[in-house]
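Trainee: Curious how this folds, go ahead:
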Amino acid sequence: MKKGLTIYGIIMILFILYGIYLRQPNSTIATDPVLIEVEIKGGILLPGTYQVSPDDTLEDLIDYAGGFTRNAIKDKIELDEVLRDQAIYIIEEDVPAIKININTATKEELQTINGIGPVTAEAIVIYRIKNGPFIYLEDLMKVNNIGEKTYEKIKDFITL
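Mentor: Here you go, the predicted structure:
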């Protein structure tokens, strides 16, 4: 029984000492790491907003964002540039122009051509319905709202 009390006493002393230890002020102050917020878009696999260390470089950010797309223009980038808070980084891309087929494109697809708005896109679709497919690219000028100036502006972005 004496042995049991001794063990019980030792355990109580350990609990008391542990409680005193927990009440001691911590000599190191725990702080949240300082992060900055940056955005990256363009020729990057995972574009978006990232919280990063203020010491991170553009190369680090590109790594966080999954790396470059295959069309990214890499030779214009300063990889060792230190990131700035609230900055937006745009990775340029060499994207080949995709020509829109004016005989099959939807109204929404036609509107992706610079110079074709919703009204003109709808006019193109209505023209196709009434007259059938375009035979020549120049036939597009038969559509209301498309004159020579508009045609010259868009001719490199359309196909049959």
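Trainee: Which residue, other than its chain neighbours, is closest to Phe68?
Mentor: Gly43 (5.8 Å; C-beta to C-beta, 6 or more residues apart in numbering). C-betas here are computed from N, CA, C, even on glycine.
Trainee: What about the residue lying closest to Ile102 once chain neighbours are set aside? Give its phi and psi, please.
Mentor: In this structure, Ile102 finds its nearest non-sequential neighbour in Ile158, 5.1 Å apart by C-beta to C-beta, 6+ apart. Torsion angles at Ile158 (phi, psi; degrees, to the nearest 10) stand at phi -120, psi 160.
Trainee: tell me which residues form a beta bridge with Ile158?
Mentor: Beta-bridge pairing for Ile158 (DSSP bridges): Ile100.
Trainee: and if you look at Glu37?
Mentor: Judged by DSSP bridges, the bridge partners of Glu37 are Gln51.
Trainee: burial of it, as a residue count?
Mentor: 12 (other C-beta atoms under 10 Å).
Trainee: Leu83 versus that one, what's the distance?
Mentor: Applying C-beta to C-beta, to the nearest Å, the value for Glu37 to Leu83 is 10 Å.
Trainee: and for these two, which residues touch both?
Mentor: Shared contacts of Glu37 and Leu83, defined by C-beta atoms under 8 Å, 6 or more residues apart in numbering, comprise Val52.
Trainee: So Glu108: helix, strand or coil?
Mentor: Per DSSP: H, G, I helix; E, B strand; the rest coil, the secondary structure class of Glu108 is helix.
Trainee: all strands for the chain, in order.
Mentor: Using DSSP state E, the strands of the chain run over 36-42, 48-52, 88-91, 100-101, 158-159.
Trainee: Using JSON lines, please lay out those together with mean pLDDT and distance to Tyr127.
Mentor: Listed next are those as JSON lines, based on pLDDT from 0 to 100; distance: least, C-beta to C-beta, whole Å:
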{"stretch": "strand 36-42", "mean pLDDT": "94", "distance to Tyr127": "36"}
{"stretch": "strand 48-52", "mean pLDDT": "95", "distance to Tyr127": "41"}
{"stretch": "strand 88-91", "mean pLDDT": "94", "distance to Tyr127": "38"}
{"stretch": "strand 100-101", "mean pLDDT": "90", "distance to Tyr127": "15"}
{"stretch": "strand 158-159", "mean pLDDT": "89", "distance to Tyr127": "14"}
